[in-house]
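Q: need the 3D shape of this:
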Amino acid sequence: MIYFVFSFLSLYLVFIFLYLSHPLFLSLVIGCQAIVVSLFIYMYSGISWFSYVMFMAFLSGMMIVLLYVSSLSPNNVVSYYIWNSKFFFFPLFIVFFCFWFFKVDSFSLNSFLSHTNLSATVYLSSKIYSLHMYVFTVLMICYLLLLLVLVVKNSMFAEGPLRAS
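A: Sure thing, here's the model as predicted:
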């Protein structure tokens, strides 16, 4: 049931993202989406550090993009019409109705402690670096190293997109 709520909330945030144009609200929705996705990864896999690292990487990338977009965009007037409309409250009503109707007790301490079994966590984390995922891990490391070099090269003060001239 809780997976349904997180999936619905994620789709709802994507739906709201389509109607926003201000960089501040876009970053707020992306931050909420990062929280929902990291919680969903934690509940699905049971590895808290993996969801934390994914959240921090996602959030740091989003902050860089927000800084770049907000420095290039003009000072737009923030429109609040999306927050006053009916489609903002309707999905929230559906989520709360699902909690009330099904009487979800998944946030209790006992169910939380059952997800944090240490031996299962070690087993699940060993799957990430198994022989089958080795090539994918090396490709991701090379890709991130290449992106790091390109971002540093692009952000040089004399050649970057935010030069003072």
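
Q: just the mean pLDDT for whichever helix or strand V53 is part of, thanks.
A: Assigning secondary structure by DSSP states H and E places V53 in helix 48-72. For helix 48-72, mean pLDDT is 78.

Q: buried residues in that helix?
A: 50-51, 54-55, 58-59, 62, 66 (16 or more other C-beta atoms under 10 Å). Every residue, glycine included, has its C-beta placed from N, CA and C.

Q: same question, stretch 17-36
A: For stretch 17-36, by 16+ other C-beta under 10 Å, it's 20, 22-23, 25-27, 29-36.

Q: just to revisit the earlier point, and of the buried residues of helix 48-72, the nearest to Y134?
A: Taking C-beta to C-beta as the measure, Y134 lies nearest F50 of these, at 16.8 Å.

Q: quick revisit: give the other helices and strands that the helix holding V53 contacts.
A: helix 23-45, helix 118-128 (3 or more C-beta pairs under 8 Å, 6 or more residues apart in numbering; DSSP states H and E).

Q: which residues sit against the longest one?
A: For helix 23-45, the surrounding residues in contact (C-beta atoms under 8 Å, 6 or more residues apart in numbering) are 2-3, 6-7, 9-10, 13-14, 16-17, 20, 47-48, 50-52, 54-55, 58-59, 62-63, 66, 69-70, 73, 76, 78, 115, 124.

Q: on that earlier part again, kindly calculate the angle that the helix holding V53 makes with helix 23-45.
A: Helix 48-72 and helix 23-45 are oriented at 170 degrees to each other (axes from the mean of the first three to the mean of the last three C-alpha atoms, to 10 degrees).

Q: let's number from 46 now, not from 1
A: Okay, using 46 as the starting number, the last item reads as helix 93-117.

Q: for the chain, what helix or strand is lowest in average pLDDT?
A: helix 154-160 (a mean of 49; mean pLDDT, DSSP states H and E).

Q: quick one on the thing from earlier: now the buried residues of helix 93-117 as TSV including distance to M185?
A: Output for the buried residues of helix 93-117, formatted as TSV (distance: C-beta to C-beta, whole Å):
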residue	distance to M185
F95	13
S96	17
M99	12
F100	17
F103	14
L104	18
M107	19
L111	24
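
Q: and the gap between the residue lying closest to S115 once chain neighbours are set aside and L111?
A: The shortest distance from S115 to any non-neighbouring residue, by C-beta to C-beta, 6 or more residues apart in numbering, is to P68 (4.7 Å). To L111, P68 is 6 Å away according to C-beta to C-beta, to the nearest Å.

Q: same thing with S83?
A: 18 Å.
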